[in-house]
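Student: Generate coordinates for the sequence data below:
(one chain, ligands or ions: 1)
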Amino acid sequence: MNKNKNFISNALVWARKSSPWILHFNSGGCNGCDIEILSLLTPRYDVERFGILKESSPRHADILICTGPVTEQVKPRLKRIYDQIPEPKWVLAVGSCSCSGGVFSGAYNILGGIDKLLPVDMYIPGCPCRPETIIDGIMKLVELMR
Ligand code: SF4
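Tutor: Below you'll find the predicted structure:
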């Protein structure tokens, strides 16, 4: 019985590392970083060749990719989405705004970077980030998962 349990758990770990599913959430940015993330899905960058799949349900995702700073308005929604992702889960902050608040820092409704609300596993600064750096960040996060 224990052997079967180990086999299933190893298979799940192998599947997660070979094909991480990502969920993208903009918590209040200008959309510049979002456009760069969407370009990952185009034939030019084609992230599916690395097994990376963009998912629309938190319940199926492994990695939460956040763009933009955390606003007071979006705070409870972002937390709820994070809580719905099954363990183990990872958070990637994409863009200077999600790393530190960026150009929105100090505004009355801005909490700051994503790490003010969630545990962030990797930061990718840039305004906006280039698609190559986002792919590099995801692949480095997959290395961390290993
Ligand atoms: S880092 Fe720059 S491009 Fe990205 S959301 Fe912030 S202001 Fe926009």
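Student: all helices of the chain, in order?
Tutor: Secondary structure of the chain, counting by DSSP state H: helices at 2-18, 32-39, 75-84, 96-100, 131-145.
Student: Now do the shortest one: which elements does it pack against?
Tutor: Yep, that's helix 96-100 we're talking about. Contacts defined by 3 or more CB pairs under 8 Å, 6 or more residues apart in numbering; DSSP states H and E place helix 96-100 against strand 63-67, strand 122-124. For every residue, glycine as well, the C-beta is placed using N, CA and C.
Student: What lies in contact with the shortest one?
Tutor: This means strand 122-124. Defining contact as CB atoms under 8 Å, 6 or more residues apart in numbering, one finds that strand 122-124 is touched by 90-95, 98-99, 133-134, 137, 140-141, 144.
Student: residue ranges with poor pLDDT in the chain?
Tutor: For the chain, applying pLDDT under 70 flags the ranges 1-2.
Student: Go again with 80.
Tutor: 1-18, 145-146 (pLDDT under 80).
Student: returning to that earlier point: any chance of the helices of the chain in JSON lines, plus distance to the ligand?
Tutor: Output for the helices of the chain, formatted as JSON lines (distance: least, CB to the nearest ligand atom, whole Å):
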{"stretch": "helix 2-18", "distance to the ligand": "28"}
{"stretch": "helix 32-39", "distance to the ligand": "3"}
{"stretch": "helix 75-84", "distance to the ligand": "15"}
{"stretch": "helix 96-100", "distance to the ligand": "3"}
{"stretch": "helix 131-145", "distance to the ligand": "11"}
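Student: Out of those, which is the most enclosed?
Tutor: Most buried of the helices of the chain, by mean neighbour count (mean count of other CB atoms under 10 Å): helix 96-100, with a mean of 25.
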